[in-house]
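**Q** here is my input; please provide its structure:
(one chain, ligands or ions: 1)
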Amino acid sequence: MSYEAILVVREDAVGIITLNRPQALNALNSQLMDELTAAVDAFEADDGIGCIIITGSEKAFAAGADIKEMKSKSYMDVYKEDFITAKWERVTRTRKPVIAAVAGFALGGGCELAMMCDFIIAADNAKFGQPEIKLGVIPGAGGTQRLTRFVGKAKAMDMCLTGRMMDAAEAERSGLVSRVVPLADLMTVTREAAKSIAALSRPAVMICKESINRSYETTLAEGIRFERRVFHSLFATEDQKEGMSAFADKRPAEFKHR
Ligand SMILES: CC(C)(O)CC(=O)SCCNC(=O)CCNC(=O)[C@H](O)C(C)(C)COP(=O)(O)OP(=O)(O)OC[C@H]1O[C@@H](n2cnc3c(N)ncnc32)[C@H](O)[C@@H]1OP(=O)(O)O
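**A** Predicted structure coming up:
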């Protein structure tokens, strides 16, 4: 597959997807989302890839869904194609870890896409927001649901009802992003995080991701039972033997991802 609206590179065991519509601040049109989905599919199927990064430019991660593409759609258009989440769900179903490296604007669908990733590393110039209310609609790719889980009801109401932007410092204080770094360091820090994850046991990493995500969907008691069972299952892997033996032998572990 050839890509036009994204750039795709593979560095060691990390797959990097860069949104690339600079003329529209990386507005997420259907071509870009089709390409993003295809790139995620390809990295998911690639046994050599242990972690995925989604990023944009220094000015914009993504300024939202493409308003110009969306503005004339009718109710039947959006209903029939299950606009917009149906197309975007691929990112949330990826079993490999996905890090969003966000600089500049992450608005509307851009903020929602970042929240679909497993965690967000933000540059100090990042600005997050759900401004859909100013367009006469509401967030439609999970914004009212995921943002509320990240930052709580009060701030989610504030963000979605006023459409105001949150800077990187407020986003970190509110729990939306895991770290804020200087803009110049964003990709170095994100690559280091991704490479360190990719070097770990892939079964353990994927099961850890699944277990944390389960906490959103279940009671604490059910979640704890799920965690215990999948924890037990990791004792069937060679990587568990290697990880624990390496610790006891005072040497670095060499995981084989099985
Ligand atoms: C997914 C859903 C369902 O939740 C829905 C959505 O995501 S709706 C979209 C939500 N996002 C927005 O409302 C943000 C729209 N953009 C802006 O408010 C501003 O562009 C800005 C504050 C991000 C940046 O302002 P500024 O620096 O002044 O740049 P501009 O001149 O406005 O933009 C440059 C260029 O990009 C085009 N652009 C920007 N955002 C979008 C967009 N979301 N869709 C389509 N095009 C976008 C903008 O029109 C400019 O292009 P030209 O008109 O100059 O060709």
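**Q** just give the number of residues close to residue 85.
**A** The number of residues packed around residue 85, counting by other Cβ atoms under 10 Å, is 13. (Glycine included, C-beta is placed from N, CA and C.)
**Q** from now on call the first residue 4
**A** New numbering, starting at 4: the last item is residue 88.
**Q** from memory it sits against residue 142, does it?
**A** No. Using Cβ atoms under 8 Å, residue 88 and residue 142 do not qualify as a contacting pair, with a distance of 10.4 Å.
**Q** OK, contacts around residue 52?
**A** 13, 16, 17, 18, 46, 99, 201 (Cβ atoms under 8 Å, 6 or more residues apart in numbering).
**Q** hmm, 6 Å instead?
**A** With contact taken as Cβ atoms under 6 Å, 6 or more residues apart in numbering, residue 52 is in contact with 16, 18, 46.
**Q** now residue 122
**A** Going by Cβ under 6 Å, 6+ apart, residue 122 touches residue 181.
**Q** distance of it from the ligand?
**A** For residue 122, the distance to the ligand (Cβ to the nearest ligand atom, to the nearest Å) stands at 21 Å.
**Q** residue 146 too?
**A** 6 Å.
**Q** residue 118 versus that residue, what's the distance?
**A** Applying Cβ to Cβ, to the nearest Å, the value for residue 146 to residue 118 is 8 Å.
**Q** helix or strand with the lowest mean pLDDT in the chain?
**A** Every helix and strand of the chain was ranked by mean pLDDT, DSSP states H and E. The lowest is helix 88-96, at a mean of 85.
**Q** okay, it in CSV with CA atoms only?
**A** Coordinates of each C-alpha in helix 88-96 appear next as CSV, following Å, rounded to 0.1, in the frame of the first residue of the first chain:
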residue,chain,number,x,y,z
THR,A,88,-16.2,5.8,15.0
ALA,A,89,-16.7,2.8,12.8
LYS,A,90,-13.7,3.8,10.7
TRP,A,91,-11.6,4.8,13.6
GLU,A,92,-12.1,1.8,15.9
ARG,A,93,-9.1,0.0,14.4
VAL,A,94,-6.8,2.1,16.5
THR,A,95,-8.5,1.1,19.7
ARG,A,96,-8.5,-2.6,18.8
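**Q** in that helix, which residues are buried?
**A** The neighbour-count criterion (16 or more other Cβ atoms under 10 Å) identifies 90, 91, 93, 94, 95 as the buried residues of helix 88-96.
**Q** repeat for stretch 206-216
**A** Buried residues in stretch 206-216, defined by neighbour count with 16+ other Cβ under 10 Å: 206, 207, 208, 209, 210, 211, 212, 214.
**Q** ok, and what's touching that stretch?
**A** When contacts are defined by Cβ under 6 Å, 6+ apart, stretch 206-216 is touched by residues 98, 100, 230, 233, 237, 240.
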